[in-house]
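>>> okay, sequence plus prediction incoming.
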Amino acid sequence: MGQIHVFSKLAAPTYEITMKTEFTKMPDSVFFMTMSFLIALSIIATLTSNAWLVNHNVLLFIPLFSLVYFIKYKRMNISVIAFILFSFIGDASHLFFNANMEVTASSVFYLIGIFYLIFQSVKKFKLKVIKGIILGYLLVVFLISTFFVLQVYQALKLVLESSIEPKLFALISISLAVLTIISFGVYLKTQSRTSTMFFIAAISLSFSVGLNYINLYYINHDVFVILEQSFYALSLYFIFKYAAVSWSYSQESRLDYDFGSENIFV
């Protein structure tokens, strides 16, 4: 879209028509279709016991979603870009590191990506608006999550030769708990479309990582593999939808329309 100068509200309709034309080149359902395709691919790969496809189909997740997104929207928040970049490197770590370093390397990249999501969500998290029973509930959930993570951490220390992997597990798990709680707090404050998407993405990502550790350290079962990759696809779906809606809101706000704090999650 070319450069447009808007000096008065009389010029706003021209800008709105141009922007809508850009946004409607591709239907939003293409994101859902992409997610459905990736989940179906994971199911087929797992049920056919195709080990190569099971290990490599996840490499399609972020590139396909990114292709669909950038064809239509062109722009993305820097924190979200950082998350998908480091997540993709984590997904592809088995291509660049040997078996002894693969889990450690991927965990480090995933952890960095999660930190960027926390940074993105914490900007709108206002502790002073979370009071009473809700604040107590969030604290209890965080404490329970931390206790559970520490118990698993102690168990992993006994069965793993590496001293780094249990620590990375604890850091990632606690970071996901923080991300989920913060995104839930933002949702309670705004109850907007974008905060709902971000919250669901955080929950889905947490389930995916949890199932990944079950497959990695306890029992590798076809159902768990399918659920892990399905939740990962679901989390990416809502992350990209969140990025799309957030960017379109930020563009529309330049037209001097009043969207209000309940509709915008920056």
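Thanks, I have it. Residues are numbered from 1 along each chain as shown.

>>> now residue 192: phi and psi?
When quoted as degrees, to the nearest 10, the phi and psi of residue 192 stand at phi -100, psi 170.

>>> just give the number of residues close to it.
22 (other C-beta atoms under 10 Å). No exception for glycine: its C-beta is placed from N, CA and C like everyone else's.

>>> just residue 204 next, same as before
When counting by other C-beta under 10 Å, one arrives at 20 neighbours for residue 204.

>>> make 35 the first number, not 1, from now on.
Sure thing, new numbering starts at 35, so read that last one as residue 238.

>>> right, and it touches residue 265 too?
Yes. Look at residue 238 against residue 265 with C-beta atoms under 8 Å: they come within range, at 4.8 Å.

>>> wait, residue 68 sits on residue 99?
Yes. The pair residue 68 and residue 99 qualifies as a contact (C-beta under 8 Å) at a distance of 6.0 Å.

>>> find residues that contact each of these two.
residue 271 (C-beta atoms under 8 Å, 6 or more residues apart in numbering).

>>> what sits against residue 99?
When contacts are taken as C-beta under 8 Å, 6+ apart, residue 99 is in contact with 65, 68-69, 118, 270-271, 274.

>>> cool, residue 203 as well?
Applying C-beta under 8 Å, 6+ apart, we find residue 203 in contact with 141, 183, 186-187, 190, 247.

>>> swap in 7 Å and give it another go.
Going by C-beta atoms under 7 Å, 6 or more residues apart in numbering, residue 203 touches 187, 190, 247.

>>> now, those residues that are in strands?
Using DSSP state E, no member of the contacts of residue 203 sits in strands.

>>> any chance of those in a markdown table, plus neighbour count and distance to residue 149?
Putting the contacts of residue 203 into a markdown table (neighbours: other C-beta atoms under 10 Å; distance: C-beta to C-beta, whole Å) gives the following:
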| residue | neighbour count | distance to residue 149 |
| --- | --- | --- |
| 187 | 16 | 19 |
| 190 | 18 | 22 |
| 247 | 18 | 19 |
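
>>> cheers, nothing more for now.
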